[in-house]
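J.: dropping a prediction and its sequence here:
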Amino acid sequence: MNTVLIKNAKIVNEGQIFEGDVLIEGEFITAVSESISPKSPDCKIIDAEGNYLIPGAIDDQVHFREPGLTHKGDIESESRAAIAGGITSFIEQPNTVPNAVTQELLEDKYQIAAQSSYANYSFMMGGTNDNLEEVLKTNPKNVAGIKLFLGSSTGNMLVDNEEVLEKIFSSTKMLIAVHCEDEATIKANTEKYKAEFGDDVPVTAHHLIRSEEACYLSSSKAIALAKKTGARLHVFHLSTAKEMELFTNTIPLEEKQITAEVCIHHLWFTNDDYATKGNFIKWNPAVKTAADREALWKALLDDTIDVIATDHAPHTLEEKSENYLKAPSGGPLVQHAVVAMFEAYHQGKISIEKIVEKMCHNPAKIFKIEKRGFIKEGFYADLAIVDAAKPWSVKKENILYKCGWSPLEGTNFKSRVVYTLVNGQIVNQNGQIKEIKAGKRLLFDRE
């Protein structure tokens, strides 16, 4: 049996940092203690040298582009980038080609991942205006949840029939995750800017087209519907100060029926960055103002927002080089998300304990993922060791995304992920990714 002993780590778990050792036997953590001696001569020993040992991050929102869009990325390439960055589990979205809107198409994605994923995986079932019957067949024990697009981010996956929406919300106990932007508002804003600029609308207008109002109208409506029906709602990638009033921090996470997520890019960039980054920071919802960013940070730290994710969504350089109206929205982030948050720690914005809470513990709690997201005996050994004093910079040659670029190119980070373990196997050692596809299908502790 594969045995690994991690020595001399600063173990970060459940709001505490303590020095100690972790013993892994097979896929599981079997001991966490101040000092552990190896049981056998063939036990692999990792000296963490006082670096931080965190649970592998769980990214609850990625687009890995397989099937159908594999020129941009695929499960193999993007999960490899994820483990390099300390993300050991991901939940992927249904807007692939074809869209994952039947049980058969959903299961096809699981079959691909079983062969090719470096990280643990789950896939969302997609809802449309006419697939309620398929949605209700979804198995809550081995599928993360139902994904609904309430804005046209993905064209034909838009759910805009209010009757259907209410039926989905009232018919399932499963977690429903939503992308909230009001389609009519976005269309009207687009036409307004096209009337002024023709086809040469500047990217600096993106946050005005996909505006605060577009976000708030949609998210407030989704939340009102969740309250009316009792649905379990999770709102993806919040981007505005105004939306923060829709969520609460007055009850424990386990009791929340409505939870909130923020993504790395909305914590990192502001609309001022469009001038230099252009379409490379064109996301839906849009990166907004410095005041919005500040409000998101505040809400994250006071537990109004529950989770940090990436919304990793690669596109080719060629696609991103189109003019604003044609260039697709989205960008790759899984390789750099954990170190980006450690950079915020170095800047005094957030504690390491809070990073672990929002990127590891809370996704596991919200989705009720079995035995992951914590450093505990009996849990899967999904772990990352972060050296918080190992500077490096993001360059073309060290980017692992299939699309070959990053919106963080040129950024100097103070921290580096030096080890990643997935299900007890060392898959990343000092930036050398091992060709071990140790990922497993995520299971969920639900009725």
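T.: Yep, it's here.
J.: just the helices in the stretch 151-300 of the chain please.
T.: 162-171, 183-197, 206-209, 212-229, 264-268, 274-277, 290-301 (DSSP state H, counting those that start in this stretch).
J.: of these, which approaches K72 most closely?
T.: For K72, the closest of the helices of the stretch 151-300 of the chain is helix 264-268, at 17.3 Å, according to CB to CB. Any C-beta I mention is one placed from the backbone N, CA and C, and that applies to glycine too.
J.: the closest one packs against which elements?
T.: helix 290-301, strand 307-309, helix 337-346 (3 or more CB pairs under 8 Å, 6 or more residues apart in numbering; DSSP states H and E).
J.: let's go with 7 Å and repeat that
T.: helix 290-301, helix 337-346 (3 or more CB pairs under 7 Å, 6 or more residues apart in numbering; DSSP states H and E).
J.: can you pull the buried residues of the last one?
T.: Spelled out, it's helix 337-346. Under the neighbour-count criterion of 16 or more other CB atoms under 10 Å, helix 337-346 has 337-345 buried.
J.: before we move on, what about the longest one?
T.: Using 16+ other CB under 10 Å as the burial criterion, the residues of helix 290-301 that qualify are 292-293, 295-297, 299-300.
J.: do stretch 58-74 as well
T.: Buried, per 16+ other CB under 10 Å, within stretch 58-74: 58-66, 69-70, 72-74.
J.: can you check stretch 346-364 too?
T.: Under 16+ other CB under 10 Å, the buried positions of stretch 346-364 are 350, 352-364.
J.: could you check which helix or strand contains K10?
T.: strand 3-13 (DSSP states H and E).
J.: so what strands line up beside that strand?
T.: Partner strands and pairing direction for strand 3-13 (DSSP bridges) are strand 16-25 (antiparallel), strand 44-47 (parallel), strand 52-55 (parallel).
J.: kindly format the C-alpha coordinates of it as PDB.
T.: Coordinates of each C-alpha in strand 3-13 appear next as PDB, following Å, rounded to 0.1, in the frame of the first residue of the first chain:
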ATOM      1  CA  THR A   3       2.300   5.200   2.400                       C
ATOM      2  CA  VAL A   4       3.300   8.900   2.700                       C
ATOM      3  CA  LEU A   5       4.300  10.800   5.800                       C
ATOM      4  CA  ILE A   6       4.300  14.600   5.700                       C
ATOM      5  CA  LYS A   7       6.600  16.000   8.400                       C
ATOM      6  CA  ASN A   8       7.000  19.500   9.900                       C
ATOM      7  CA  ALA A   9       4.100  21.100   8.200                       C
ATOM      8  CA  LYS A  10       2.100  24.200   9.300                       C
ATOM      9  CA  ILE A  11      -1.300  22.400   9.000                       C
ATOM     10  CA  VAL A  12      -4.200  24.700   8.200                       C
ATOM     11  CA  ASN A  13      -7.600  23.200   9.100                       C
END
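J.: and it, how far from the chain's centre?
T.: Taking CA atoms, centre = their mean, to the nearest Å, one finds strand 3-13 lying 25 Å from the centre of the chain it belongs to.
J.: ok so, going back, pick the one among the buried residues of stretch 346-364 closest to V164.
T.: The closest of these, once distances to V164 are taken by CB to CB, is P363, at 27.9 Å.
J.: what's the end-to-end length of stretch 238-257?
T.: From its first residue to its last, stretch 238-257 covers 17 Å (CA to CA, to the nearest Å).
J.: buried ones in it?
T.: So stretch 238-257, judged by 16+ other CB under 10 Å, has buried residues 238-244, 246-247, 249, 256.
J.: contact partners of it?
T.: With contact meaning CB atoms under 7 Å, 6 or more residues apart in numbering, stretch 238-257 is reached by 212, 215-216, 219-220, 223, 226, 232-233, 258, 260-262, 266, 285-286, 288, 291-292, 295-296, 299, 302-306, 362, 365.
J.: where in the protein is pLDDT low?
T.: Within the chain, the stretches with pLDDT under 70 are 152-156.
J.: from what I can see L148 touches T172, true?
T.: No: contact between L148 and T172 fails when scored by CB atoms under 7 Å: they sit 11.0 Å apart.
J.: more neighbours: those two, which one.
T.: More crowded of L148 and T172, by other CB atoms under 10 Å: L148, with 26 against 21.
J.: can you tell me the helix or strand for that one?
T.: Assigned by DSSP H and E, L148 belongs to strand 146-149.
J.: which residues does that strand contact?
T.: With contact meaning CB under 7 Å, 6+ apart, strand 146-149 is reached by 93-94, 124-127, 135, 138, 157-159, 168, 172, 174, 176-179.
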